[in-house]
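*Asks:* here you go, sequence then predicted model.
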There are 2 protein chains.
Amino acid sequence: MSKSRANIRDVAKQSGVSLTTVSLVLNNNDQRISEATRQRVLAAMRDLDYTPSRLARGLPNRRANTLAVLVPALQHAFADVYFGEIISGIYEEAASRGYRILLEVARREYVRRKEYLTLLEDCSVDGILFIGATEEHRWLSEFDSSDKPFIIVNNRFEQWDLHYVICDYPQAGRTAADYLVSRGHQRIGHICGPSSMVLTSQELTDGFVNRLSEHGVPMGDRMIVEGQYHSDTGKLAADELLKRDPDITAIFASNDKMALGACQALRASGRIPGEDIAVLGCDDIPTAALADPPLTTIRMNFFEVGSAATSHLLDMVEGRNGQAMVQQRVPVLLVERDSCTTLPS
Amino acid sequence: MSKSRANIRDVAKQSGVSLTTVSLVLNNNDQRISEATRQRVLAAMRDLDYTPSRLARGLPNRRANTLAVLVPALQHAFADVYFGEIISGIYEEAASRGYRILLEVARREYVRRKEYLTLLEDCSVDGILFIGATEEHRWLSEFDSSDKPFIIVNNRFEQWDLHYVICDYPQAGRTAADYLVSRGHQRIGHICGPSSMVLTSQELTDGFVNRLSEHGVPMGDRMIVEGQYHSDTGKLAADELLKRDPDITAIFASNDKMALGACQALRASGRIPGEDIAVLGCDDIPTAALADPPLTTIRMNFFEVGSAATSHLLDMVEGRNGQAMVQQRVPVLLVERDSCTTLPS
DNA sequence: TTCGATTAGTAAAACATTTTACCTGACCGA
DNA sequence: TCGGTCAGGTAAAATGTTTTACTAATCGAA
């Protein structure tokens, strides 16, 4: 037994064919090899316990078969609701197409030294996905209209021409408005997300408010209270809404955590969510289904966002894309449970 | 301007030296190059905008300069409290030693096909860190006493001989016991973590209970209630403890979320945490400091766990370790705030 | 002056693949 | 029999580094 790993040459020798033949068998995109030879080669591979070196494979065609996932250096970057889902989506699609994913944290130093560029230049990565981008990531302008394989996951920017895949937040807002209005609600409160942060929160609220006014249910700023995406801020926001108008019949929260917080506040105020007042959430986190009452919500398919972004990125990498700009919105889905069963009297 | 990236040969030509010289300058561990030459080479590199190819660099010595981080395929793998911290620690140490990190999700299929081994064999990775390992990961036996560069992060296993770095949970338990006893507490309740899961929860509780009994404060099972690590289960557990003994003067919870939940329950029962009853947490999550009252807790240094594990792993990879088994415990630290100011009357 | 050591550098092999261009023999129709 | 096509395969170049073993020049000491 040789001390080190078998290589393609060993396989060739063992099966009595040339290097090239083994390589062709390996990337079986080529029909030039007869079945008999192919089998001989495969047998030799099994015999020698051969695994092709990814490193060496990448060299000739300058491919790393790897994508980078860039996450911002947040305090609890990964504690975010959807990170897991998005990364799972990315991982799944990447793996199914034979790619690995490299994790990079976009810390200040990292960005200052433009290491994200090095990443592409030194061939350690074929493309980059950026999750958790916010307005403050000015260096994104570097990718403006460039043809580098780079894509924004679940956000978008109006000032730069970047590829992105994002949940259809405006549609989510409109769906919420349609649903509540169709059930007869006219006095509606809204808990919006942190306006300063990302566009998504703004899109959702705009979609909601605009559609409401199309339905003839105009909603002033008075019935919109801002939360910070946690359940406690949802609670506070609901209390505030009740103070401003004790007779509202429905609350739409920008995410499920805040919706669940609102439910608590409502209960504390003597109203039973779902019976006395409708509560509509957004995201469809796992606990939404388990809550009491089970939360009616708008499902955001973060997994799909991740996998779609990856799929597009790989199309760019493999040059199947033409020059088309990728700016895709992933559809949302109303999930009816029990927190909106009430009809206003 | 040449169409493709500059390579080491271009740099050599431009600066009028040999390939070797450029390479030596690149890995400036060698003093054989005169300052003048070095400067000429560096200038040429800048000129040509040269970045060495990581792929090619790895080939000759079969190094990928990359580590894999294996995370289990949990529903919300990344939503866990400490994932972010651990990964940041890993990332930081790896980056400072010139390594990248590859993210791999240990899904069922992945494990079944033993892809974690392929990872090492095809040279795409020099070592593996596994976060979130639990008893059910039987395939870990594969690494039992093997000399593969593999390390468990923040867990350990008695049945297999594996390298690991873990927070010092027993010490955390003892610290808690010492602290509470030193402040005169005799009637103490404990909210432990889910016993079935990982060893860590067990270690913490054992350390706590054993040290208490060394102090002459034996604690039967009666004053231990199990929680599931979320704040609501902490609330429920605290209620249960109060029911079992309304006169307890202190509660030690296995994590901060449950401690904060317990505070809520105590307040609801008319007791002010920190004044009427002491509450001690564990972990030191960011909200612990912001809570009312600020939570006294035992700080778990997850970042350090990640970076220490990585440091050891890299020592193995680079062969500086001898054959020594790595089984390190990272010290914990009592952080005094205001939730334990009360002294029992 | 010659011997060794030191300094500064180089040529060439090694790493493990892909890819391009070429070769050989068989077969077939004219 | 000649020319052409085709199937099945191969040799060799290319990818971009590191590393080992060697050389040429210089310098000090015997």
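*Replies:* Thanks, I have it. No experiment lies behind these values; they were computed from the predicted model shown.

*Asks:* looking at chain A, which helix or strand does the model trust least?
*Replies:* Counting by mean pLDDT, DSSP states H and E, the weakest-scoring helix or strand in chain A turns out to be helix A:108-112, with a mean of 87.

*Asks:* convert the C-alpha atoms of that one to PDB, please.
*Replies:* What follows is helix A:108-112 as a C-alpha-only set of coordinates in PDB (Å, rounded to 0.1, in the frame of the first residue of the first chain):
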ATOM      1  CA  ARG A 108     -14.700  46.100   9.100                       C
ATOM      2  CA  GLU A 109     -11.100  45.100   8.400                       C
ATOM      3  CA  TYR A 110     -12.200  42.600   5.900                       C
ATOM      4  CA  VAL A 111     -14.100  45.200   4.000                       C
ATOM      5  CA  ARG A 112     -11.400  47.800   4.300                       C
END
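
*Asks:* show me what contacts residue A:57?
*Replies:* For residue A:57, the contact set (C-beta atoms under 8 Å, 6 or more residues apart in numbering or on different chains) comprises A:63, A:65. Placement of C-beta: from N, CA and C, glycine included.

*Asks:* residue ranges with poor pLDDT in chain A?
*Replies:* A:1-4, A:29-30, A:75-81, A:196-197, A:321-322 (pLDDT under 70).

*Asks:* domain map for it?
*Replies:* Using automatic domain parsing, the domain parsing of chain A gives A:8-52, A:66-167+A:304-330, A:169-300.

*Asks:* quick one: the helices in chain A?
*Replies:* For chain A, applying DSSP state H gives helices covering A:8-15, A:19-26, A:35-48, A:54-61, A:83-96, A:108-112, A:115-121, A:169-182, A:199-214, A:231-244, A:256-268, A:286-290, A:302-317.

*Asks:* so can I have CSV of these showing distance to DNA strand C?
*Replies:* Rendered in CSV, the data for the helices of chain A read as follows (distance: least, C-beta to the nearest atom of the strand, whole Å):
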stretch, distance to DNA strand C
helix A:8-15, 3
helix A:19-26, 3
helix A:35-48, 10
helix A:54-61, 3
helix A:83-96, 18
helix A:108-112, 29
helix A:115-121, 19
helix A:169-182, 41
helix A:199-214, 40
helix A:231-244, 51
helix A:256-268, 46
helix A:286-290, 42
helix A:302-317, 14
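
*Asks:* of those, which approaches residue A:130 most closely?
*Replies:* helix A:115-121 (8.5 Å; C-beta to C-beta).

*Asks:* what does that closest one contact?
*Replies:* Where contact means C-beta under 8 Å, 6+ apart, the residues beyond helix A:115-121 that reach it are A:68, A:70, A:102, A:104, A:106, A:110, A:125-128, A:139, A:142, A:148-149, B:5, B:51.

*Asks:* by neighbours, which of the residues you listed wins?
*Replies:* Counting neighbours by other C-beta atoms under 10 Å in any protein chain shown, residue A:125 comes out on top of those with 26 neighbours.

*Asks:* need the contact list for that residue.
*Replies:* Taking C-beta under 8 Å, 6+ apart, one finds A:64, A:66, A:67, A:68, A:102, A:119 in contact with residue A:125.

*Asks:* got it, and residue A:12?
*Replies:* Shown here is residue A:12, whose contacts under the criterion C-beta under 8 Å, 6+ apart are A:18, A:19, A:21, A:22.

*Asks:* try residue A:301
*Replies:* For residue A:301, the set of contacting residues under the criterion of C-beta under 8 Å, 6+ apart consists of A:167, A:330, A:331, A:332, A:333.

*Asks:* those in strands, which ones?
*Replies:* Among the contacts of residue A:301, the residues falling in strands (DSSP state E) are A:167, A:330, A:333.

*Asks:* tell me the phi and psi of the nearest residue to the first one once chain neighbours are set aside?
*Replies:* On the basis of C-beta to C-beta, 6 or more residues apart in numbering or on different chains, the spatially nearest residue to residue A:167 that is not a chain neighbour turns out to be residue A:300, at 4.7 Å. For residue A:300, the backbone dihedrals are phi -100, psi 120 (criterion: degrees, to the nearest 10).

*Asks:* wait, residue A:300 touches residue A:284, no?
*Replies:* Yes: taking contact to mean C-beta atoms under 8 Å, the distance of 6.7 Å between residue A:300 and residue A:284 places them in contact.

*Asks:* between those two, which one's more packed in?
*Replies:* Summary of the neighbour comparison: residue A:300 and residue A:284, criterion other C-beta under 10 Å, with residue A:300 having more neighbours (28 against 23).

*Asks:* ok, the more buried one - contacts?
*Replies:* Residues in contact with residue A:300, defined by C-beta under 8 Å, 6+ apart, are A:82, A:167, A:172, A:282, A:283, A:284, A:332.

*Asks:* 10 Å instead?
*Replies:* Applying C-beta atoms under 10 Å, 6 or more residues apart in numbering or on different chains, we find residue A:300 in contact with A:81-82, A:85, A:154, A:167-169, A:172, A:200, A:204, A:255-256, A:282-285, A:330-333.

*Asks:* would you show me how to pick out the buried ones of the residues you listed in PyMOL?
*Replies:* What follows is the PyMOL syntax selecting those of the contacts of residue A:300 that are buried according to 16 or more other C-beta atoms under 10 Å in any protein chain shown:
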select buried, chain A and resi 81+82+85+154+167+168+169+172+200+204+255+256+282+283+284+285+330+332
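
*Asks:* how far away is the closest residue in space to residue A:141 that isn't next to it in sequence from residue A:143?
*Replies:* The shortest distance from residue A:141 to any residue other than its chain neighbours is 5.6 Å, reached at residue A:160 (C-beta to C-beta, 6+ apart). Using C-beta to C-beta, to the nearest Å, residue A:160 is found at 7 Å from residue A:143.

*Asks:* right, I'll call it a day here.
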